[in-house]
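**Q** Coordinates only, no sequence provided:
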């Protein structure tokens, strides 16, 4: 009999705790974004990872040195880099040159491993969020073009 009473009071206590949380949330002011009507004033958070980008300087060059660390650290093969070896005519040394930097937005996990490992800071995430397309092929982006 005492277990029954303890269980009954425990259940009532649990119910009242849940109702307290529900009533508190019922009376808090709601924050609803009226998207897409407010598209012009909508501000995403700076830390939001929406899309991988490769910024360019004033001359149109990127900082990418084609080291391949981002491709090697990507856990699901989202990044594919094509490089070629070129010889510097002044020094005679050979180095890699970036030919194509492909990024598949549809299979990205947004884990930030590629951005964290980049030695030159050549890639970063931009806070863009509208990526609706009809075919998955349009989600594969070439960043160095």
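**A** Yep, that arrived. Everything quoted here is computed from the prediction, not taken from an experiment.
**Q** Break this protein down into its structural domains.
**A** Domains of the chain are assigned by automatic domain parsing as 1-31, 51-142.
**Q** What is the subsequent helix or strand relative to the longest strand anywhere in the chain?
**A** Secondary structure assigned by DSSP state E gives strand 94-104 as the longest strand of the chain. Proceeding N to C from strand 94-104, the next assigned helix or strand is helix 113-117, under DSSP states H and E.
**Q** contact partners of the helix or strand just after that next one?
**A** Using DSSP H and E, the helix or strand that follows helix 113-117 in sequence is strand 124-126. By C-beta atoms under 8 Å, 6 or more residues apart in numbering, the surrounding residues in contact with strand 124-126 are 48-53, 55, 110, 112, 115. Using the backbone N, CA and C atoms, a C-beta is placed for each residue, glycine as well.
**Q** Show the buried residues in those.
**A** Among the contacts of strand 124-126, the ones that count as buried by 16 or more other C-beta atoms under 10 Å are 49, 51-52, 115.
**Q** Show me the helices in the chain, by range?
**A** Here the chain has its helices, by DSSP state H, at 2-27, 69-73, 113-117.
**Q** Give me the residue at the spatial middle of the protein.
**A** With distances taken as C-alpha atoms, centre = their mean, residue 49 lies nearest the centre of the chain, 3.0 Å away.
**Q** Tell me which of the helices of the chain sits nearest to residue 106.
**A** Of all the helices of the chain, it is helix 113-117 that lies closest to residue 106, at 15.7 Å by C-beta to C-beta.
**Q** wait, residue 84 sits on residue 94?
**A** No - using C-beta atoms under 8 Å, residue 84 is not in contact with residue 94; the gap is 10.3 Å.
**Q** quick revisit: adding distance to residue 124 and mean pLDDT, write the helices of the chain out as CSV.
**A** Formatted as CSV, these follow (distance: least, C-beta to C-beta, whole Å; pLDDT from 0 to 100):
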stretch, distance to residue 124, mean pLDDT
helix 2-27, 36, 92
helix 69-73, 11, 95
helix 113-117, 6, 94
